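> I need the structure of the sequence given here:
(chains A, B, C and D)
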Number of protein chains: 4
Amino acid sequence: MVCGLPGIGSVAWLAVSHLQKELHAQLLAEVFSPMFSPKVWLGEDGVVGVMKGEFHFWKNKPGGPDLLLFTANEQPYSPEGQYELAEVALGLARKFAAKRVITMGGMATDRLAEQPRVYVGATDTELVKELEAYGALKLAGGAITGTNGLIFGLAKPKNIPAICLLAETPGYLSLDANAAKAALELSARLLNITVDLTALEKQAKENVDVVRKAKDLSRTFNREGRKGGDRELPYVS
Amino acid sequence: MVCGLPGIGSVAWLAVSHLQKELHAQLLAEVFSPMFSPKVWLGEDGVVGVMKGEFHFWKNKPGGPDLLLFTANEQPYSPEGQYELAEVALGLARKFAAKRVITMGGMATDRLAEQPRVYVGATDTELVKELEAYGALKLAGGAITGTNGLIFGLAKPKNIPAICLLAETPGYLSLDANAAKAALELSARLLNITVDLTALEKQAKENVDVVRKAKDLSRTFNREGRKGGDRELPYVS
Amino acid sequence: MVCGLPGIGSVAWLAVSHLQKELHAQLLAEVFSPMFSPKVWLGEDGVVGVMKGEFHFWKNKPGGPDLLLFTANEQPYSPEGQYELAEVALGLARKFAAKRVITMGGMATDRLAEQPRVYVGATDTELVKELEAYGALKLAGGAITGTNGLIFGLAKPKNIPAICLLAETPGYLSLDANAAKAALELSARLLNITVDLTALEKQAKENVDVVRKAKDLSRTFNREGRKGGDRELPYVS
Amino acid sequence: MVCGLPGIGSVAWLAVSHLQKELHAQLLAEVFSPMFSPKVWLGEDGVVGVMKGEFHFWKNKPGGPDLLLFTANEQPYSPEGQYELAEVALGLARKFAAKRVITMGGMATDRLAEQPRVYVGATDTELVKELEAYGALKLAGGAITGTNGLIFGLAKPKNIPAICLLAETPGYLSLDANAAKAALELSARLLNITVDLTALEKQAKENVDVVRKAKDLSRTFNREGRKGGDRELPYVS
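Modelled structure (predicted):
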């Protein structure tokens, strides 16, 4: 099972949503909960959408692992709701006898890396080492908050091997496609599957352009002695 | 089923309360919940009233649709409570095999329109088009918060066709009878029923008079250079 | 059943606690709830006490009504908890086939009355009139918040006749024995029981002395042109 | 049963954790709850840990009392969660027919005592006296908040004799090993067990050194007329 709910830089959400689209995974189940925000929204066509979690299933070629994908359009607003949703996800993982749970997330740094590093934590040291062999860096210490972290951590007492991949992301990006790409590339290697990353790469390039322009603008402002340039882009080094 | 809980300008509540009185709909069920405010109130006669939701039933002439009306004297204070109440309403809608759910609301704008526009969202594109034919404007994008929105949106996964009518209302009116009238007129056309709107029209006229006086006062203040005029009526253009 | 939980001036709590002591009512049941504050306290003897509600039972002489008394050392901190506790109280009232529920409370005014007026609300107009005959004043309008109000109001849909007696109390007294005495005198007349009010009267007199001294002090301060006197006793007229 | 959850100066948590390690008590049960913080953390080895409570069991020599130890890495964030966890702990105490429940805590004072006093409250006066004989001081009045207090207080209506030991701790220490040692020494005398306190003593000594240095620094700052010295160490007398 690969899980990715919205969080810092929407890294995990972008990665799992991309995976689902590229693999043409089938919608398996929807999760509604009073723990989501009490609101609905309208699309461009005036049709309503509601807050929910979604499980998609992807049938692999013989020999390769089938995939269960879990995402949602937001994290439950209350701590209890985050625990509840994590339990729902792990319950389905168990029902489908998932071999492994891969969760993702963003790790806020103050640099905009071209090749974001991917850090890893796991439910046991062997998994950490396996992931290090795939190019991930061991995350020695630190807390992971929210549903992504709970799905990862609560897998442990349920004896489901779980991995959390955290891709570097600068704090100011709301949709960091480049970090999502980095986390997804590593997941794909680990799962031995091929995923077309063109769409993420395109989005990532647009992000870079936007940030570059903002930086140029910021420098211009600073040169002219105006305040505010740094404050608008506090994390750009 | 026609649903209207208090919200911006109390548009939905005014519309459904008016409908219930004019149709002499019968009280069918009351909903009490610890999710309402922990308070009661006394009427002029010293008799206590409690926070609750109310379902009323109206038997139409043969051939026309019977109506289930749902309203409440407040929205539950917690998000979970709003979801819970929406589920209760939709549960009754299903029990009575309601063909359609119509919810209403106010859409805050900064103008006081004589003929407020009515925007529409729905659970599918055909419904949106049908409503456009009745004179509603498609709402392309935007979020609808609270119980009115949840009843509307959660009808979708339950396969109950649902419509949300949002009438323009200036933010500063606590009881916008004119917007309620606009939403109700459109609903009446859609339901093919006749509703006497005299009481709403009278209340709307009083609102206009109050606002006009306030505006005149505001202008006088401004001319005399006093502060505060604009702040008291921030949305009057 | 006579109910009194802590509230403004602790009027209801003082009244019911006094009634329980004077009648030597027997402890019938205790209510513990995670909705109370997460704390315990120690008495002078080092023995622990916990937050709870208590029901006491008093066996009247033949012909007179037996009494069920309900109080607690605090109101539940959450709205849901207040509803829950009200339901527990009304559940026991029903189990004991209570004929009437009397709740009490304080009504904040800005005067320190020697003879506080007692206002009344009820579940029907006949009860209001009956209480007016006993000297209470009809409270025409207004909201009653908290558990005392909920026990009163929720009795109505359960078809248990209920009364709420609100005694005038100045906002600055945390324990207004005089208001409690006024509410209790009226309850005693209504229930046709005799209650020794000496202890409450003594406490009330002490309150008056404290306030008088504070007033004198306040006047002295004011005469000397010091600030703060009025602020310390903002409600003393 | 000996219970100690994190609180002021982490006194109780330090004491019970130390006891568990020194006695080599066996892990008996883990408690997970959505009432804990929605986060997980990684150790130095990259392995994930989750918020939980832990029960450990220690088999005594024949004749002495076996011990059930309860601790957790945090207190539940909500009041309901604190009640829930206290109920879980007392449920297990009852299941194991625990003779007594000993809870601990820190009592904030403004002095850093070499020999912190240990105050005691209990579920009855005989227990208070027994503890006074062991050198504890009766705590006459005061509230004890949080799960440690609830386990202690709620033992009373369950008829489980319970004791709460509160060791003096200055408010500014996050891990007061010296206070933990004081509470543990008294518990050991009461339980008639021998516990090696070397590790706690070592940690306590380090604390004292840190505070002494900070004090010296503070004095230097003050002598030089700099602000802030007192503010950084507001409780150092």
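
> Only C-alpha atoms from now on, for both contacts and neighbour counts.
Noted.

> And the pLDDT for the closest residue in space to residue A:121 that isn't next to it in sequence?
Leaving out its chain neighbours, the residue that sits closest to residue A:121 by C-alpha to C-alpha, 6 or more residues apart in numbering or on different chains is residue D:46, at 4.7 Å. With respect to pLDDT, residue D:46 scores 95.

> Also residue A:225?
For residue A:225, the predicted pLDDT is 42.

> what does the one 4 residues further on give?
In this prediction, residue A:229 carries a pLDDT score of 34.

> mind listing what residue A:87 touches?
Counting by C-alpha atoms under 8 Å, 6 or more residues apart in numbering or on different chains, residue A:87 makes contact with A:151, A:154.

> can you list the residues that contact stretch A:153-168?
A:11, A:86-87, A:90, A:98-109, A:113, A:116-124, A:127-128, A:136, A:149, A:152, A:179-180, A:182-183, D:40, D:48-50.

> what about that stretch, start to end distance?
Stretch A:153-168 stretches 20 Å from its first residue to its last (C-alpha to C-alpha, to the nearest Å).

> Could you do stretch A:17-28 as well?
OK, stretch A:17-28 end separation, C-alpha to C-alpha: 14 Å.

> Could you tell me how far the residue nearest to residue A:121 is located from residue A:122?
Taking C-alpha to C-alpha, one finds residue D:46 at 6 Å from residue A:122.

> Nearest spatial neighbour of residue A:74, chain-adjacent residues omitted?
residue A:6 (5.7 Å).

> Mind telling me what element the one you found is part of?
Assigned by DSSP states H and E, residue A:6 belongs to neither a helix nor a strand.

> quick one on the thing from earlier: of residue D:46 and residue A:122, who's got more company?
residue A:122 (31 against 25; other C-alpha atoms under 10 Å in any protein chain shown).

> What residues are bridge-paired with the closest residue to the more buried one other than its chain neighbours?
If the residues on either side of it in the chain are set aside, residue A:122 comes closest to residue A:163, at 4.4 Å by C-alpha to C-alpha, 6+ apart. Taking DSSP bridges as the rule, residue A:163 bridges to residue A:102, residue A:122.

> and residue A:163, how many neighbours does it have?
28.

> ditto for the one 10 residues further on
Look at residue A:173: counted by other C-alpha under 10 Å, it has 17 neighbours.

> And for residue A:114?
12.

> and if you look at residue A:133?
Around residue A:133 there are 11 residues (other C-alpha under 10 Å).

> And for the one 10 residues further on?
By the measure other C-alpha under 10 Å, the count of residues near residue A:143 is 14.

> for the one 10 residues further on, same thing?
As a burial measure, the neighbour count of residue A:153 was computed by other C-alpha under 10 Å and equals 31.

> for residue A:64, same thing?
That count, for residue A:64 with other C-alpha under 10 Å as the rule, works out to 11.

> Contacts only, for it.
A:192, A:193.

> Helix or strand: which one has the closest residue to residue A:4 other than its chain neighbours?
Nearest residue to residue A:4 in three dimensions, chain neighbours excluded: residue A:12, at 4.2 Å (C-alpha to C-alpha, 6+ apart). Secondary-structure assignment from DSSP H and E places residue A:12 in helix A:11-23.

> Quick check: next helix or strand after that helix?
Trace forward from helix A:11-23 with DSSP H and E and the next one is strand A:26-31.

> in its sheet, what does the following helix or strand past that next one sit against?
Later in the chain than strand A:26-31, the nearest helix or strand by DSSP H and E is strand A:39-42. Strand A:39-42 has these partner strands in its sheet, going by DSSP bridges: strand A:48-50 (antiparallel), strand B:143-145 (antiparallel).

> winner for burial among those?
Most buried of the strands paired with strand A:39-42, by mean neighbour count (mean count of other C-alpha atoms under 10 Å in any protein chain shown): strand A:48-50, with a mean of 24.

> Which helix or strand lies directly C-terminal to that one?
Next along from strand A:48-50, by DSSP H and E: strand A:53-58.

> tell me which residues in that next one are buried?
Across strand A:53-58, burial judged by 16 or more other C-alpha atoms under 10 Å in any protein chain shown covers A:53, A:54, A:55, A:56, A:57, A:58.

> need the residues you listed in JSON lines with pLDDT and distance to residue C:21, can you?
Formatted as JSON lines, the buried residues of strand A:53-58 follow (pLDDT from 0 to 100; distance: C-alpha to C-alpha, whole Å):
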{"residue": "A:53", "pLDDT": "96", "distance to residue C:21": "57"}
{"residue": "A:54", "pLDDT": "96", "distance to residue C:21": "60"}
{"residue": "A:55", "pLDDT": "97", "distance to residue C:21": "62"}
{"residue": "A:56", "pLDDT": "97", "distance to residue C:21": "65"}
{"residue": "A:57", "pLDDT": "96", "distance to residue C:21": "68"}
{"residue": "A:58", "pLDDT": "96", "distance to residue C:21": "71"}
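
> any idea where the strands of chain A begin and end?
Ranges of strands within chain A are A:2-4, A:26-31, A:39-42, A:48-50, A:53-58, A:67-72, A:101-109, A:118-122, A:137-138, A:142-145, A:162-170, based on DSSP state E.

> For residue B:190, which of the ones you listed is the nearest?
strand A:48-50 (19.5 Å; C-alpha to C-alpha).

> That closest one: how far from the chain's middle?
Mean-position distance between strand A:48-50 and its chain equals 22 Å (C-alpha atoms, centre = their mean, to the nearest Å).

> can you tell me how far residue A:137 sits from chain D?
10 Å (C-alpha to the nearest C-alpha, to the nearest Å).

> hang on, the earlier thing: I'd like the mean pLDDT over the helix holding residue A:12, please.
Rounded mean pLDDT across helix A:11-23 is 95.

> With stretch A:124-140 instead?
96.

> Buried residues in the helix holding residue A:12, which are they?
Quick answer for helix A:11-23 (16+ other C-alpha under 10 Å): A:11, A:12, A:13, A:14, A:15, A:16, A:17, A:18, A:19, A:20, A:23.

> likewise stretch A:99-106?
So for stretch A:99-106, counting by 16+ other C-alpha under 10 Å, buried means A:100, A:101, A:102, A:103, A:104, A:105, A:106.

> Show residues contacting it.
Taking C-alpha under 8 Å, 6+ apart as the rule, stretch A:99-106 contacts A:1-4, A:7-12, A:93, A:148-149, A:151-152, A:155, A:160-169, A:179, A:183, A:187.

> just to revisit the earlier point, wait, which of the strands of chain A is closest to residue A:82?
strand A:142-145 (9.8 Å).

> ok, now which ones touch the closest residue to residue A:44 other than its chain neighbours?
Counting by C-alpha to C-alpha, 6+ apart, residue B:140 is the residue found nearest to residue A:44 once chain neighbours are left out, at 4.2 Å. Residue B:140 sits next to A:42, A:43, A:44, A:45, A:46, B:121 when contact means C-alpha under 8 Å, 6+ apart.
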